[in-house]
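[1] Okay, predicted coordinates and the sequence, questions at the end:
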Amino acid sequence: MTAEVRLKAGEAWVFRTRVEQEAAARFTRLLSAIAAFDPDSPVPELMRRAAEDEKRHADLCAALAAGYGSGAPPAGADAPIAPRRLLPREAVLYEVVAACCITETESVATVTTLLAADAEPRVREVLHEIARDEVGHSRMGWAHLAREAAQIDVSFLSAWIPAMLSGTVDDALFRAAPPEPSELLRHGILSSAQRRETFVRTLEEVVLPGFAGHGIDTAPARAWLAARAS
């Protein structure tokens, strides 16, 4: 393994550690908020389990990062990401959709793509465990959206999906990137081209059809994607 690969792999797993830590904190906060306005919902209990999953994932990612010579990241602070102008219940839905229907669904696709490659044994073990749980986290978000769609008007989300997408990926993902070592794939890192292809495919084939199925206009999201793809 070259020094460049070791450094990039370590940085990637440090980043994932922080993402998992933040997800655990966010789910813990959101489960209480959902229980307050929908006490009969099964989603808070699913979120409690998901928060525990994410804490375990963070430990696994941190261990991999350490194996590449990278230290643990400082604990990230959990903060609401919904626009302030939204009503409290709408703000919770915004966060669940962004964190689960988009981010967790995209995570499942990314991990699945990585598992199709010839990853290092320890990396593969961690990816398998994350993949198993992230599927449930994605479904949890879609379950909450379905429950809310039956009780309130969720069409307001249409205008906010582009902001959610911008919070999920950087615009740099859609720009040409310099050559990257192919060996990175064995250490759980997709190339920029692979990440872009996975993101766009999942958005077009899973996420946007899912929103449309709940009566959410996907035209703003498709315009956001078209502007970057061009």
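    Perfect, I can see it now. Numbering: from 1, shown residues only.
[2] In the protein, spot the helix with the most residues.
    helix 3-37 (DSSP state H).
[3] burial count for the closest residue in space to H57 that isn't next to it in sequence?
    Computed as C-beta to C-beta, 6 or more residues apart in numbering, the closest residue to H57 that is not its neighbour in sequence is E20, at 4.2 Å. For the C-beta atoms, the positions are set from N, CA and C on the backbone; glycine is no exception. Applying other C-beta atoms under 10 Å, we find 23 residues neighbouring E20.
[4] Can you tell me how far E20 is from D171?
    24 Å (C-beta to C-beta, to the nearest Å).
[5] ok, now E183?
    From E183 to D171 the distance is 27 Å (C-beta to C-beta).
[6] who has more neighbours, those two?
    Neighbour count, other C-beta under 10 Å: between E183 and D171, E183 has more, with 14 against 9.
[7] Tell me who's in contact with the closest residue to that one other than its chain neighbours.
    Once flanking residues are discounted, E183 sits nearest to V5: 5.2 Å by C-beta to C-beta, 6+ apart. The contact partners of V5, taken as C-beta atoms under 8 Å, 6 or more residues apart in numbering, are P181, E183, L184, H187.
[8] Can you tell me how far A50 is from A62?
    According to C-beta to C-beta, A50 stands 19 Å off from A62.
[9] any idea how far the most centrally placed residue in the chain is from M164?
    Centroid-nearest residue in the chain: T103, 2.4 Å away (criterion: C-alpha atoms, centre = their mean). Distance of T103 to M164, given as C-beta to C-beta: 9 Å.
[10] coming back round to it: scan the contacts of V5 and report the most crowded one.
    Neighbour counts for those peak at H187, which has 24 neighbours (criterion: other C-beta under 10 Å).
[11] so where's this structure uncertain?
    76-77 (pLDDT under 70).
[12] tell me the helices in it, going along the chain?
    Counting by DSSP H, the helices of the chain are 3-37, 43-67, 88-96, 105-115, 121-149, 161-168, 192-202, 208-213, 219-229.
[13] ok so, going back, so between A50 and A62, which is more surrounded?
    A50 (27 against 21).
[14] follow-up on the earlier one: angle of the longest helix of the chain against helix 121-149?
    Relative orientation of helix 3-37 versus helix 121-149 (axes from the mean of the first three to the mean of the last three C-alpha atoms, to 10 degrees): 30 degrees.
[15] Centre of the chain to helix 3-37, how far?
    9 Å (C-alpha atoms, centre = their mean, to the nearest Å).
[16] One more: stretch 54-62?
    Centre-to-centre, stretch 54-62 and its host chain are 15 Å apart (C-alpha atoms, centre = their mean).
[17] cool, stretch 116-135 as well?
    With C-alpha atoms, centre = their mean, you get 16 Å for stretch 116-135.
[18] Now it: buried residues?
    Within stretch 116-135, the residues that count as buried by 16 or more other C-beta atoms under 10 Å are A119, E120, V123, R124, V126, L127, I130, A131, D133, E134, V135.
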